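Chemist: Need the 3D shape of this:
(one chain, ligands or ions: 1)
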Amino acid sequence: MTDTLFTPLRLRDTEIPNRVMVSPMCQYSSTDGYADDWHLVHLGSRAVGGAGIVMTEATAVSPEGRISPNDLGIWSDDHADALAPTAEFISEHGSVPAIQLAHAGRKASIHRPWDGGNPVLEEDGGWTPVAPSAIPYPRDEPAPEVHKLTTDEIQGVIDDFRVAAERALDAGFEIAEIHAAHGYLLHEFLSPVANDRDDAYGGSFENRTRLVREVTDAVREVWPDDKPVFVRISATDWLDDRESWDIEQSVRLAADLERLGVDLIDVSSGGIHPDQQLPNAGPGYQTPYAERIRDETGLAVGAVGGIRTARHADELVRNERADLAIVGRQHLRDPYFALHAAEELGEEAEWPPQYRRA
Ligand code: FNR
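Modeler: Numbering: from 1, shown residues only. Modelled structure (predicted):
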């Protein structure tokens, strides 16, 4: 039987009711990293809206791992306590609560987009971003200094991810996703564009992928065997004119991650450098990469990017191009994307009883 958008997906012992996942999307609405009513209402609405998985935005494993001072975080037990009601609400409404664990690396300490997105000065609450190498992310304005992580500090980052995962589990999340995409810290280690280290964490493929593998190992160690771990990667840097990260390396990394117990690769792209040459970034432009990773490794994958319609999402699963349709901005326009998709595709749409008289 052909799988469709509404065929449940079982990963380990987690039953995902359908193939729609809310893509992680920063809300830049936290104070000191805490989840608040915004997160409960925003993520809760998408669970009521029928998505199979509701993923939090990038949730920083340490204060310096935030993109902006308004990012969500999970670097203390109090932060986890603040997230727990959201995870519980998502579960209660039939969706699987997932958390994206993140570190922004050299792209940290900028103002949120609607405040201009420029670097935050130290006197305004900013901090020195950390990175594999002291190469700042190129910006129009003078780039702030970047601190090159020592090997001891790298061990600290791995511990931060491990402890964050433990806290996320206590908070009630079912799926942990490691953010290794979009030019943030873990991607910076993968890509020679941002990593010119000459120690065990730079140079060869083996060395550049070491941190992602060690973080994955640490998260898998504390994440129970019956629950899934995802990794989001940028399948390519879109920088063919220089030594960079590409799909061949992504396929190799995905195979390594599978051996470490990763259940699904969330396949995005880009973000390491403003010179990136995106092709026509129309609907599904990243899907061929997801498809290739799925074909060559046999791992489950999520496709993301420009999925706006029920038919597009359904086609991805039906034609075995991806196991999940990961929907970002369309979920901002329509929290009920999954319920509307069910109606459009002739499936039973289980609206909550409160809304059934509409
Ligand atoms: C994003 N994106 C993103 N990605 C990620 O891995 N972690 C994050 O926290 C965010 N934050 C974020 C905020 C906002 C407002 C947008 C629009 C996007 C990227 C997002 O998850 C997704 O990959 C892209 O938006 C492409 O998918 P859509 O929007 O075309 O479905």
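Chemist: can you give me the helices for the chain?
Modeler: 37-48, 77-92, 151-171, 185-190, 205-208, 210-222, 247-259, 287-297, 310-318, 329-333, 337-344 (DSSP state H).
Chemist: how about the residues of the stretch 151-300 of the chain near the ligand?
Modeler: By the rule Cβ under 6 Å from any ligand atom, the part of the stretch 151-300 of the chain lying against the ligand is 179, 181-182, 232, 268. In this view, the C-beta of every residue, glycine as well, is placed from N, C-alpha and C.
Chemist: Next, format those as TSV and append neighbour count.
Modeler: Putting these into TSV (neighbours: other Cβ atoms under 10 Å) gives the following:
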residue	neighbour count
179	29
181	26
182	20
232	27
268	27
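Chemist: Can you lay out the helices of the chain as CSV showing mean neighbour count?
Modeler: Formatted as CSV, these follow (neighbours: other Cβ under 10 Å):
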stretch, mean neighbour count
helix 37-48, 20
helix 77-92, 20
helix 151-171, 19
helix 185-190, 28
helix 205-208, 16
helix 210-222, 20
helix 247-259, 18
helix 287-297, 20
helix 310-318, 20
helix 329-333, 16
helix 337-344, 21
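Chemist: Which of the residues of the stretch 151-300 of the chain next to the ligand fall in strands?
Modeler: Those of these mapping onto strands are 179, 232, 268, per DSSP state E.
Chemist: which among those gets closest to residue 81?
Modeler: Taking Cβ to Cβ as the measure, residue 81 lies nearest residue 179 of those, at 22.2 Å.
Chemist: Looks like the closest one contacts residue 232 (just checking).
Modeler: Yes. With contact defined as Cβ atoms under 8 Å, residue 179 and residue 232 form a contacting pair (5.4 Å).
Chemist: Which neighbours do the two have in common?
Modeler: Counting by Cβ atoms under 8 Å, 6 or more residues apart in numbering, the common neighbours of residue 179 and residue 232 are 24, 100.
Chemist: Which single residue of the protein ends up nearest the ligand?
Modeler: Going by Cβ to the nearest ligand atom, the ligand is nearest to residue 328 of the chain, at 2.6 Å.
Chemist: That residue and residue 153: what is the separation?
Modeler: Using Cβ to Cβ, to the nearest Å, residue 328 is found at 32 Å from residue 153.
Chemist: Kindly report the same for residue 189.
Modeler: For residue 189, the distance to residue 153 equals 13 Å [Cβ to Cβ].
Chemist: now swap in residue 132 and tell me
Modeler: 11 Å.
Chemist: Equivalent analysis for residue 216, please.
Modeler: Applying Cβ to Cβ to residue 216 and residue 153 gives a distance of 19 Å.
Chemist: so residue 341 makes contact with residue 310?
Modeler: Yes. Using Cβ under 8 Å, residue 341 is in contact with residue 310, at 3.5 Å.
Chemist: Are there residues contacting both of these two? Which ones?
Modeler: Residues touching both residue 341 and residue 310 (Cβ under 8 Å, 6+ apart): residue 5.
Chemist: Let me know how buried residue 4 is, in neighbour terms.
Modeler: Other residues within reach of residue 4, judged by other Cβ atoms under 10 Å, total 15.
Chemist: Quick check: it touching residue 341?
Modeler: No. With contact defined as Cβ under 8 Å, residue 4 does not reach residue 341; the gap is 10.4 Å.
Chemist: any residues in contact with both of the two?
Modeler: By Cβ under 8 Å, 6+ apart, the residues touching both residue 4 and residue 341 are 314, 347.
Chemist: Residue 236 touches residue 248, doesn't it?
Modeler: No. Assessed by Cβ under 8 Å, residue 236 is found out of contact with residue 248, at 9.4 Å.
Chemist: anything in contact with each of these two?
Modeler: With Cβ under 8 Å, 6+ apart, residue 236 and residue 248 have no common neighbours.
Chemist: Turn the helices of the chain into CSV, including distance to residue 20 and mean pLDDT.
Modeler: Below are these laid out as CSV (distance: least, Cβ to Cβ, whole Å; pLDDT from 0 to 100):
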stretch, distance to residue 20, mean pLDDT
helix 37-48, 9, 98
helix 77-92, 13, 98
helix 151-171, 22, 98
helix 185-190, 25, 98
helix 205-208, 33, 98
helix 210-222, 24, 98
helix 247-259, 22, 98
helix 287-297, 15, 98
helix 310-318, 6, 98
helix 329-333, 9, 98
helix 337-344, 4, 98
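Chemist: among these, which is nearest residue 105?
Modeler: helix 185-190 (3.0 Å).
Chemist: residues making contact with that closest one?
Modeler: 65, 103-106, 130-132, 157, 178-181, 194-195, 201-202, 208-212, 215, 233-234, 245, 249, 253, 271-272.
Chemist: now with 6 Å?
Modeler: 103, 105-106, 131-132, 180-181, 194-195, 208, 211-212, 234, 245 (Cβ atoms under 6 Å, 6 or more residues apart in numbering).
Chemist: just stretch 256-271 next, same as before
Modeler: The contact list for stretch 256-271 (Cβ under 6 Å, 6+ apart) reads 11, 181-183, 216-217, 220, 228-232, 234-236, 238, 254, 276, 286, 289-290, 293, 297, 299-302, 304.
Chemist: now swap in stretch 41-49 and tell me
Modeler: 22, 54, 86, 89-90, 93, 95, 331, 335-336, 338-339, 352.
Chemist: gap between it and the chain center?
Modeler: When distances are taken as Cα atoms, centre = their mean, to the nearest Å, stretch 41-49 is centred 18 Å away from the chain's centroid.
Chemist: which one is residue 294 nearest to, not counting chain neighbours?
Modeler: residue 301 (4.5 Å; Cβ to Cβ, 6 or more residues apart in numbering).
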